[in-house]
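> Everything below, folded, please.
(one chain, ligands or ions: 1)
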Amino acid sequence: MPYDPTAPWAHVYVGTTIHAPRLGELAIHPLSLMVVNVAGYIARYDTDVDSLRDGADVADYVAQVLAEAPAGRRPAVHHLAPSQFLAPGFIDAHLHAPQYVFTGTGYDQPLLTWLTTSTFPREAEFSDVAHAREAYSAVVRRTLQSGTTTAVYYGTIHAPANRILVDAVWRHGQRALVGAVSMDRHAPDGYVQPSVAAAVDVTRETLAACAAATRRCSASASETDHVDRVRGCVTPRFAPSCTDALLRALGDLAATGGDSVEAHVTDPATPSSEPRRLPIQTHLAETRDEIAWVASLFPEAQDYTDVYARAGLLGATTILGHGIHLADRELRAIRAAGAHIAHCPASNFALGSGVCDVRRLLRAGVSVALGTDVAGGSSPHVLDAMRNALTASKVCAMLARGPPPSPAAPYAPLTVAEVVYLATRGGARAVGHADDLGYFGPGCRFDALRVDLAVGAFVPAPTTSPPPPAGHAHAFAWVPRFPHDTLRDLFEKWIYLGDDRQIQAVWVQGEQVVPMPAP
Ligand SMILES: [Zn+2]
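Numbers count the residues shown, from 1 in each chain. Modelled structure (predicted):
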């Protein structure tokens, strides 16, 4: 269902809003009014009411706006507290749902060893559907609570477990791409697909599960637009795990849209000449050892990126995890294809894979999103990915400067405003929602967080220290607030110091999904 400006209004939110509509721009509106319609779209976003500080004037303004509401329903009006703000939901453009079970372990190993000792044995256990049910419910709940309104998941090679992941996403109300991992070589017995046909079959089954969820969404009684909330994604693990025949078969599958499984879902990211091209995700240039291995496996390709391009896997719907060690030619090819890189800095540090120079990617015109890469990254929280992206960029700046007495090289590390963009609108571009997700504006989907900086406190125990005096509890909040703080200061403090506790509400397509019921 496309955005309909005449649809009835469901909710009006009045208070502070913060978002990054353009790279490098943090738009902070102390007092704004946002209308969300019954289909979960933002129908109105007024930010020019900042001067209406007086309560009576705000009430008058809200009354004027309500008088303009379409007929059919009186919306509920919600006033945010001074410690609260609305922000767009986070988009985690790269994480492995089955790896949540061993997150935080195994980081003494480099990538290719870690795959053998940790990843493959743990992923193989998802042949057990009871295990999959427990783990996938946990990862979807955890990421939603962390403010991830959209997740781009890798599953496993098991069709039943992938269906369970799709079902968990659907039931908990998250927006997601879900991919069946494809791999037909260089994996242990019992966790490898025996043929190209077998691998394609599992992908088709997972695509069908997503389409079935979509049909359930369409047939539900809700007025909210969930039609493309859960989508399938073609997912070769990475080139070394796939024969060239498998890569080409997956490229063909992506180009044809998986037959009719997504027939009623149009992809806003693809030009009309490619109406139903499926999303694709894989890994690219994560470590130098991996690149050397790919060069030996695919001698006919110009480079690693070319392996995917030759198989028909490099296009505007492709999300490439990592992209740390890329030649200039590869950046040009990625940009020309309109593909996206999911920058996963926490994983890159944990596995010692390298430091991705995001500034270089951006200067090359490449679209960049952020990923946690659970469990290469230890935290499922996009806030953690943002902090690591800032640190990684500062490392790049220090390396660019060179050892003394080298003159300083011109290099601007990423700013907070830029990483917020990567975590929201940058991710939205990667998942095919360049113009209607990841920021606030009329016609955008209301995937949002209500953050309350008053929640979560470090209060000294009364037995060892007196409690804070009344009226000064803000100083003892987990994200401390003091009179000198501007709204921008407070937002930056939350990016660096915040956690799940301040995320008091999460909406996906206008439906509130956090707080959630007990499992
Ligand atoms: Zn990964």
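> only C-alpha atoms for contact and neighbour calcs from this point on.
Fine.
> Point out where the stretch 251-400 of the chain drops to low pLDDT.
Low-confidence segments of the stretch 251-400 of the chain (pLDDT under 70): 258-275.
> just the helices in it please.
Secondary structure of the stretch 251-400 of the chain (DSSP state H, counting those that start in this stretch): helices at 288-297, 304-310, 328-337, 345-350, 358-363, 382-401.
> Can you tell me which of those helices is most buried?
helix 345-350 (a mean of 24; mean count of other CA atoms under 10 Å).
> Can you give the contact residues for that one?
Helix 345-350 has contacts (CA atoms under 8 Å, 6 or more residues apart in numbering) with 107, 286, 322, 353-356, 371-378, 384-385, 388-389, 392.
> what's near enough to touch the residue nearest to W478 when sequence neighbours are not counted?
The spatially closest residue to W478, leaving aside those adjacent along the chain, is A457, at 4.6 Å (CA to CA, 6 or more residues apart in numbering). Residues in contact with A457, defined by CA under 8 Å, 6+ apart, are 476-479.
> Now flag whichever of those is closest to Y45.
Relative to Y45, the closest of those is V479; by CA to CA it sits at 27.8 Å.
> and that closest one, how many residues sit next to it?
For V479, the count of nearby residues is 24 (other CA atoms under 10 Å).
> likewise P483?
7.
> now it: how far from P5?
Distance from P483 to P5, counting by CA to CA, to the nearest Å: 41 Å.
> any idea how far the nearest residue to Y3 once chain neighbours are set aside lies from A369?
Using CA to CA, 6+ apart and skipping residues adjacent in sequence, the residue nearest Y3 is G443, 5.8 Å away. Separation of G443 from A369 (CA to CA): 22 Å.
> Same drill for those two, tell me which one is more crowded.
Ranked by neighbour count (other CA under 10 Å), G443 and A369 place A369 first, with 30 against 21.
> hey, what's the more buried one bridged with?
A342 (DSSP bridges).
> wait, what's in contact with it?
By CA under 8 Å, 6+ apart, the neighbours of A369 are 92-93, 340-343, 422-424, 426-427, 430.
> how about 7 Å then?
93, 341-343, 422-423, 426-427, 430 (CA atoms under 7 Å, 6 or more residues apart in numbering).
> export those residues to JSON lines and tack on neighbour count?
As requested, the contacts of A369 are exported to JSON lines (neighbours: other CA atoms under 10 Å):
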{"residue": "A93", "neighbour count": "36"}
{"residue": "I341", "neighbour count": "31"}
{"residue": "A342", "neighbour count": "30"}
{"residue": "H343", "neighbour count": "31"}
{"residue": "L422", "neighbour count": "32"}
{"residue": "A423", "neighbour count": "29"}
{"residue": "G426", "neighbour count": "31"}
{"residue": "G427", "neighbour count": "32"}
{"residue": "A430", "neighbour count": "29"}
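> Would you map out the domains in the chain?
Structurally, the chain divides into domains by automatic domain parsing as follows: 1-88+438-519, 90-430.
> For the stretch 351-500 of the chain, which segments count as strands?
367-370, 448-452 (DSSP state E, counting those that start in this stretch).
> hey, which of those is tucked in deepest?
Mean neighbour counts for the strands of the stretch 351-500 of the chain (mean count of other CA under 10 Å) peak at strand 367-370, with a mean of 28.
> which helices and strands sit right next to the particular helix or strand that has A93 in it?
Using DSSP states H and E, A93 falls within strand 90-96. Judged by 3 or more CA pairs under 7 Å, 6 or more residues apart in numbering; DSSP states H and E, strand 90-96 is in contact with strand 148-154, strand 367-370, helix 427-430.
> what's the angle between it and helix 382-401?
Orientation of strand 90-96 against helix 382-401 (axes from the mean of the first three to the mean of the last three CA atoms, to 10 degrees) gives an angle of 80 degrees.
> could you give me the average pLDDT of strand 90-96?
When pLDDT is averaged along strand 90-96, the result is 98.
> And the contacts of the following helix or strand past that strand?
For strand 90-96, the following helix or strand on the C-terminal side (DSSP H and E) is helix 111-114. The contact list for helix 111-114 (CA under 7 Å, 6+ apart) reads 106, 351.
> cutoff 6 Å now
If you take CA atoms under 6 Å, 6 or more residues apart in numbering as the criterion, helix 111-114 is touched by L351.
> Helices of the stretch 51-200 of the chain, residue ranges please.
55-67, 111-114, 120-124, 129-145, 159-172, 196-219.
> can you tell me which of these comes nearest to T16?
Closest among these, using CA to CA: helix 55-67, at 13.1 Å.
> same question for that closest one, mean pLDDT?
Mean predicted lDDT for helix 55-67 stands at 87.
> got the buried residues for that helix?
58, 62, 66 (16 or more other CA atoms under 10 Å).
> same deal with stretch 103-119?
Going by 16+ other CA under 10 Å, stretch 103-119 has these buried residues: 103, 106-107, 109-111, 114-115, 118-119.
> from the middle of its chain, how far away would it be?
Stretch 103-119 has its C-alpha centroid displaced from the chain centroid by 23 Å (CA atoms, centre = their mean, to the nearest Å).
> Tell me the span between the first and last residue of that stretch.
10 Å.
> for stretch 493-513, same thing?
End-to-end distance of stretch 493-513 (CA to CA): 25 Å.
> Figure out how far that stretch is from the centre of its chain.
Distance, stretch centre to chain centre, for stretch 493-513: 14 Å (CA atoms, centre = their mean).
> who touches that stretch?
Looking at what lies outside stretch 493-513 - CA under 6 Å, 6+ apart - the contacts are 40, 146, 445-453, 455-456, 514-515.
> Now with 8 Å, please.
By CA under 8 Å, 6+ apart, stretch 493-513 touches 36-41, 89, 144-147, 149, 172-175, 224-226, 383, 386-387, 445-456, 478-479, 514-515.
> same check, this time on stretch 378-388
90-92, 103-105, 142-143, 146-148, 344-347, 350, 370-372, 374, 419-420, 423, 495-496, 498-499.
> run the last query once more with 7 Å
90, 92, 103-104, 143, 146, 344-346, 370-372, 374, 419, 495-496.
> and which of the residues you listed is nearest P299?
Closest to P299, out of all of these and judged by CA to CA, is C344, at 27.7 Å.
> show me the contacts for that closest one.
Counted by CA under 7 Å, 6+ apart, C344 has contacts 322, 370-373, 385.
> Swap in 10 Å and give it another go.
92-95, 286, 321-324, 355-356, 369-374, 376-377, 382, 385-386, 388-389, 392 (CA atoms under 10 Å, 6 or more residues apart in numbering).
> Mind pulling the model confidence for the residue lying closest to L207 once chain neighbours are set aside?
For L207, ignoring the flanking residues on the chain, the nearest one in space by CA to CA, 6+ apart is G232 at 4.7 Å. Note on G232: pLDDT of 95.
> Please apply the same query to the one 4 residues further on.
Among the per-residue scores, P236 shows a pLDDT of 98.
> Hmm, it is touching A311, no?
No. The criterion here is CA atoms under 10 Å, and P236 misses it with A311 at 11.2 Å.
> who's more crowded, the two?
Just comparing P236 and A311: by other CA under 10 Å the higher neighbour count belongs to P236, 29 against 17.
> need the helices and strands packed on strand 90-96 in CSV with distance to L80, can you?
Shown next, in CSV, are these (distance: least, CA to CA, whole Å):
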stretch, distance to L80
strand 148-154, 20
strand 367-370, 29
helix 427-430, 26
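> Out of those, flag the one nearest S137.
Comparing those by CA to CA, strand 148-154 comes nearest, at 13.1 Å.
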